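Novice: Build me a structure from this.
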Amino acid sequence: MAEVRLPTVLRPSAGGSATVPVEGDTVAEVFAGLVEKHPALRDQLLTPDGDLHRHLNVFLNDEDIRYLGKLDAKVAGGDTLTLMPAVAGG
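Specialist: Okay, here's the model as predicted:
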């Protein structure tokens, strides 16, 4: 089981939880399980096409999933997925 860490901005959509344990062998499967538990998160994580929302950064054990296969990145038991909203500014 993986642990998904949610930023403060997403916690209201997850019943206030900072972390959520979720089963899954890939990031996509973990997201599907997360959305099953907390449906309000779907539009904040994924586009209508099912792609990762461009304003969300996802780290698998401190590695950016963009370099690990994105939603197809493999997840093992005990892994941590950290969700972080992208920050821009000047």
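Novice: ok, how many other residues are close to the closest residue to residue 31 other than its chain neighbours?
Specialist: Take residue 31 and drop its neighbours on the chain: the residue closest to it by Cβ to Cβ, 6 or more residues apart in numbering is residue 45, 5.8 Å away. In short, each C-beta sits where N, CA and C put it, glycine included. For residue 45, the count of nearby residues is 18 (other Cβ atoms under 10 Å).
Novice: Summarise which helices and strands the lengthiest helix in the chain is packed against.
Specialist: Using DSSP state H, we find that the single longest helix of the chain is helix 27-37. Here helix 27-37 touches strand 2-5, strand 19-22, helix 42-45, going by 3 or more Cβ pairs under 8 Å, 6 or more residues apart in numbering; DSSP states H and E.
Novice: Just the buried positions in the last one, please.
Specialist: Neighbour-count burial for helix 42-45, with 16 or more other Cβ atoms under 10 Å as criterion, is recorded at 42, 44-45.
Novice: for the first one, same thing?
Specialist: For strand 2-5, the buried set under the neighbour-count rule, 16+ other Cβ under 10 Å, comprises 2, 4.
Novice: any idea how far the residue nearest to residue 31 is from residue 32?
Specialist: Residue 45 sits 10 Å away from residue 32, taking Cβ to Cβ, to the nearest Å as the criterion.
Novice: sorry, back to before: can I get the helices and strands packed on helix 27-37 in a markdown table including mean pLDDT and distance to residue 79?
Specialist: Formatted as a markdown table, the entries for the helices and strands packed on helix 27-37 read as follows, by pLDDT from 0 to 100; distance: least, Cβ to Cβ, whole Å:
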| stretch | mean pLDDT | distance to residue 79 |
| --- | --- | --- |
| strand 2-5 | 98 | 5 |
| strand 19-22 | 98 | 10 |
| helix 42-45 | 94 | 17 |
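Novice: how about JSON lines for those, with distance to residue 65 added?
Specialist: Converted to JSON lines, the helices and strands packed on helix 27-37 look like this (distance: least, Cβ to Cβ, whole Å):
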{"stretch": "strand 2-5", "distance to residue 65": "12"}
{"stretch": "strand 19-22", "distance to residue 65": "15"}
{"stretch": "helix 42-45", "distance to residue 65": "12"}
